[in-house]
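> This is a predicted model, with the sequence first.
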Protein chains: 2
Amino acid sequence: MKQVRTTSAKSTIVETLEEAGHALSHAELYVILGNTCDRVTIYRILSRLVEEGLAHRVALQDGTVKFALCEECNTEGHHHSHPHFSCNLCSTVTCLTMEIPVVILPKKFKMEETSYVISGVCATCR
Amino acid sequence: MKQVRTTSAKSTIVETLEEAGHALSHAELYVILGNTCDRVTIYRILSRLVEEGLAHRVALQDGTVKFALCEECNTEGHHHSHPHFSCNLCSTVTCLTMEIPVVILPKKFKMEETSYVISGVCATCR
DNA sequence: ATTTCACCCGCAACAATGTTGCATTAAATA
DNA sequence: TATTTAATGCAACATTGTTGCGGGTGAAAT
């Protein structure tokens, strides 16, 4: 098992995600962090956060990927099978605190993971 | 209203999607079409197909985007609000013929579009 | 059938996004 | 403090998506 190290860059990114209160893309983090953190480092830290179960990926309808901190996850079992809401106006992505409703798959299909993203207008933007 | 034109490149792409029977990414189309069609042209034709309501985009969990032909769509109302299944083994994406189950959004949130992607193992791969 | 017009194609160039290798830095443990 | 090794920054590369433009072509009008 590879050792995990707490670095300032990693802490900064986690804090940034916490302060934002919603998911951020690599590009957004890059802008916020300014020149305090290398572009490549951000990629690597985000990957590591996902591996370590501290964050999860959210793929939006347009193909962009955002990263959200996990609330109730650990390395064993990730429980981020909740829907995400993506605002078309302010483009913030928030986690909805509910379970994703299940669908019955056709015969012999085996489900492993589900992604449920709703886009529209968030409460702040109305 | 801009006029729509039937070109050989466009027909080829539509036929390719029909023959495949499942959604294809730009990269996959580029390989299949070989050097019969320019990379940029594929991008533009796919965009146009979506605009014209002949195809719809499917964004997978990893951020890649695939394109699927619409079965019951027209320029007026798109009815591709169905779940998609993405096989982790053969990586094919198929449309599931059912409605996406709805979730109750928090107060003041307004829904406009939903994306529901299930990944796992498809019937063919088992 | 020919002309005409606007859409469409291919090419080149660019922009944005993501990856890899390597030397250096720094966190954690002894 | 010294040692070990994960993590960073930089450069270089690879992939993916976009834009402008000259020339080609579909389709309607003549």
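Done, it's in. Numbering: from 1, shown residues only, chains lettered A, B, ... in the order given.
> A:M111 sits in which helix or strand?
In the assignment (DSSP states H and E), A:M111 maps to strand A:110-121.
> Where do the strands of chain A begin and end?
A:24-25, A:55-59, A:65-69, A:84-87, A:93-95, A:110-121 (DSSP state E).
> quick one: contacts for A:S115?
A:58-59, B:61, B:115-119 (Cβ atoms under 8 Å, 6 or more residues apart in numbering or on different chains). Bear in mind the C-beta positions are built from the backbone N, C-alpha and C, glycine included.
> In CSV: the residues you listed, plus pLDDT and distance to DNA strand C.
Formatted as CSV, the contacts of A:S115 follow (pLDDT from 0 to 100; distance: Cβ to the nearest atom of the strand, whole Å):
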residue, pLDDT, distance to DNA strand C
A:V58, 97, 12
A:A59, 97, 10
B:Q61, 93, 13
B:S115, 97, 17
B:Y116, 98, 22
B:V117, 98, 17
B:I118, 97, 22
B:S119, 97, 18
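> how close does the nearest residue to A:L105 once chain neighbours are set aside sit to DNA strand C?
The shortest distance from A:L105 to any non-neighbouring residue, by Cβ to Cβ, 6 or more residues apart in numbering or on different chains, is to A:M111 (5.9 Å). Separation of A:M111 from DNA strand C (Cβ to the nearest atom of the strand, to the nearest Å) stands at 25 Å.
> my read: A:M111 touches B:G120, true?
Yes. Here A:M111 lies in contact with B:G120, judged by Cβ atoms under 8 Å, at a distance of 4.5 Å.
> Can you say which of the strands of chain A is packed in most?
Among the strands of chain A, strand A:84-87 has the highest mean neighbour count (mean count of other Cβ atoms under 10 Å in any protein chain shown), at a mean of 24.
> Neighbouring strands - and their directions - for it?
strand A:93-95 (antiparallel), strand A:110-121 (parallel) (DSSP bridges).
> which residues are in contact with that strand?
Applying Cβ under 8 Å, 6+ apart, the set of residues contacting strand A:84-87 is A:23, A:58, A:60-61, A:68, A:92-96, A:116-122, A:124-125, B:105, B:109.
> How about stretch A:2-12?
Contacts of stretch A:2-12 (Cβ under 8 Å, 6+ apart): A:33, A:36-37, A:41, A:45, A:48-49, A:52.
> Now with 6 Å, please.
A:37, A:41, A:45 (Cβ atoms under 6 Å, 6 or more residues apart in numbering or on different chains).
> Isn't the last one up against A:I13?
Yes. Shown here, A:I45 and A:I13 form a contact pair, counting by Cβ atoms under 6 Å, at 5.3 Å.
> mind giving me CSV with the contacts of stretch A:2-12 and columns for distance to A:P101?
Putting the contacts of stretch A:2-12 into CSV (distance: Cβ to Cβ, whole Å) gives the following:
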residue, distance to A:P101
A:C37, 38
A:T41, 38
A:I45, 33
